[in-house]
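Asks: sequence first, then the predicted structure:
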Amino acid sequence: MKRTVAVASVKGNDIEQAVRDAVRLAGGLEGLISGTSRVLVKPNLWSPQRSGTGSITDSRVTEAVTRLVLEHGPHSVIIGEGCGAGYDGLGWSTEEAFTMSGTRDAAERLGVELRNLNTDTYEDVRIENALVMDSVRISRTALESDVIIGVPVLKSHKRTDITLSLKNMKGVIHGAEKRKTHRLGLDQAIVDLNSVVCPHFVVLDATVGMQGLWSYPEDCIPVGLILAGRHALSVDLAGADLMGVDPRRVMHLRYMAEREGMTPDLEGVNVVGQPIAEYRKEFKAGFQAFSERYPQVTIVSGESACTGCTSELVTALTYLDKAGYSLEMGELQVIIGDVETVPPASRVAVLGRCAAQHAHLGAFAEGCAPSEERVVRVLCEACGADVPRVLEVRDRVREEMWESSRKSLES
Ligand code: SF4
């Protein structure tokens, strides 16, 4: 059975109409929301930013979605979010994000509660058959909601290539735990999280998107669309396609598709409304932008290369750079994915099972994906860098990150 994803264009400046069109084309909210439903509307307000920048969900989209929800007479509606990166233990950034984005005003106009999920109460939830994260601390607001409406924004991401509805669910976990997902493997942790708390309906804000390293206004991309659908993975597959990103290269889409018995492409998706091809933009992937910071490193990547290996590479390069090995990274060639032929190079690192046939060419990190530490060690070996020194930098960076959120994690 194909899953429907609806695409509606924003005509003039009428965002609300586009939201209504997309939701209706996607089958509507009928049957999903009843008089007893407790509904959570979950935008992406990862940090205090203004609407219309493409960095966060535009408050006009959140407002239009919430108004539609209210028209179905639910028992209660909450607009909830917790800012990202785990630095927001006391919730100030989230409060600021509500205000700066215009979401606070929207909630007041609609008379619905705005809830800071970084200061919520939490429950530790076990995850059966987890890929990497066998338990996670989730906001009770999310757990107690009968219906979650995800309202993400169209963005690329430097570690996961894209951040759409599945990754947007990170906002419902405890602030400090968000960092845990990076340590464990972000793509896999996203799939684990969505196996216990996944949006029941998604309205994707593609009015304006954001690419690369999220610098405003350089990385902002106007698209003028709203996408909607009942199946979160399908909306993300269509969103990736709209961004010119091959969904098969996005590890969390691959794993999620495998879990749901789909292929990580649009084969199982019925796109209705506006044709995506007419609006498709080539979003610069975060990884691409990141690797441009290290022009001395050549990345040879095959078709199968995915965010599992590229995200570990991004992290490891950062540690080497911080440890003072930027020059030693010169002429480094990193092989990722099922590359057929490899040009000769003096310093070669080979990452992951897909590239194993080239293991003999240099330092090889086995695994799918290889662990962060293994990738650090392999890059050090290829560059002649001192492993303990780089690992010391890694530990210090991690410690600094954890220290800032330890108290809130323990509370
Ligand atoms: S080996 Fe690396 S590139 Fe290949 S599928 Fe695994 S994580 Fe992705």
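Replies: Nice, thanks for sending it over. Residues are numbered from 1 along each chain as shown.

Asks: any idea how the protein splits into domains?
Replies: The chain breaks down into these domains under automatic domain parsing: 3-278, 293-403.

Asks: what sits against Met262?
Replies: Leu233, Gly268 (CB atoms under 8 Å, 6 or more residues apart in numbering). The way it works is simple: take the backbone N, C-alpha and C, and place the C-beta from them, glycine included.

Asks: element containing it, please.
Replies: Assigned by DSSP states H and E, Met262 belongs to neither a helix nor a strand.

Asks: tell me the pLDDT at it?
Replies: Model confidence at Met262, given as pLDDT, is 95.

Asks: and it, its phi and psi?
Replies: phi -120, psi 170 (degrees, to the nearest 10).

Asks: kindly report the same for Asp58.
Replies: phi -60, psi 130.

Asks: look up how far Leu320 lies from the residue lying closest to Val19 once chain neighbours are set aside.
Replies: For Val19, ignoring the flanking residues on the chain, the nearest one in space by CB to CB, 6 or more residues apart in numbering is Ala64 at 3.9 Å. Distance of Ala64 to Leu320, computed by CB to CB, to the nearest Å: 46 Å.

Asks: please apply the same query to Pro222.
Replies: From Pro222 over to Leu320 (counting by CB to CB), the distance is 37 Å.

Asks: element containing the residue in the stretch 1-150 of the chain that the ligand sits nearest to, please.
Replies: Residue nearest to the ligand within the stretch 1-150 of the chain: Leu131 (11.9 Å; CB to the nearest ligand atom). Counting by DSSP H and E, no helix or strand carries Leu131.

Asks: surely it is in contact with Tyr255?
Replies: Yes - using CB atoms under 8 Å, Leu131 is in contact with Tyr255, at 6.4 Å.

Asks: buried set for the helix or strand hosting Ser156?
Replies: Per DSSP H and E: Ser156 is located in strand 153-157. Using 16 or more other CB atoms under 10 Å as the test for burial, strand 153-157 gives Val153, Leu154, Lys155, Ser156, His157.

Asks: show me what it is packed up against.
Replies: strand 161-163, strand 201-210 (3 or more CB pairs under 8 Å, 6 or more residues apart in numbering; DSSP states H and E).

Asks: list the contacts of that strand.
Replies: Residues contacting strand 153-157 (CB under 8 Å, 6+ apart): 43-44, 54-58, 162-164, 167, 204-206, 208-212, 214, 223, 239, 242-243, 245, 283-286.

Asks: any idea how far it is from the chain center?
Replies: 7 Å (CA atoms, centre = their mean, to the nearest Å).

Asks: kindly state the beta-bridge partners for the residue most central in space within the chain.
Replies: Central residue of the chain (CA atoms, centre = their mean): Thr163, 2.9 Å from the mean position. Counting by DSSP bridges, Thr163 forms beta bridges with Lys155.

Asks: mind jotting down where the strands sit in the stretch 201-350 of the chain?
Replies: 201-210, 220-229, 269-273, 297-301, 332-336, 347-351 (DSSP state E, counting those that start in this stretch).

Asks: so the fifth one versus strand 347-351, what angle?
Replies: Orientation of strand 332-336 against strand 347-351 (axes from the mean of the first three to the mean of the last three CA atoms, to 10 degrees) gives an angle of 20 degrees.

Asks: please renumber so the chain begins at 36
Replies: Taking 36 as the first residue, the last one we looked at is strand 367-371.

Asks: so how far is Asp196 from whatever residue of the stretch 86-235 of the chain ends up closest to the ligand?
Replies: Closest approach between the stretch 86-235 of the chain and the ligand, counting by CB to the nearest ligand atom: Asp222, at 8.3 Å. Going from Asp222 to Asp196 by CB to CB gives 9 Å.

Asks: report the set of residues contacting both of these two.
Replies: Val285, Thr342.

Asks: what about stretch 195-210 and the ligand, touching?
Replies: No - Stretch 195-210 lies out of reach of the ligand by CB under 6 Å from any ligand atom, never closer than 11.4 Å.

Asks: straight-line length of that stretch, end to end?
Replies: 19 Å (CA to CA, to the nearest Å).

Asks: sorry, back to before: what residues sit buried inside the helix or strand encompassing the residue nearest to Val54?
Replies: Under the criterion of DSSP H and E, Ala99 resides in helix 94-106. Within helix 94-106, the residues scored as buried using 16+ other CB under 10 Å are Ser94, Arg95, Val96, Thr97, Glu98, Ala99, Val100, Thr101, Arg102, Leu103, Val104.
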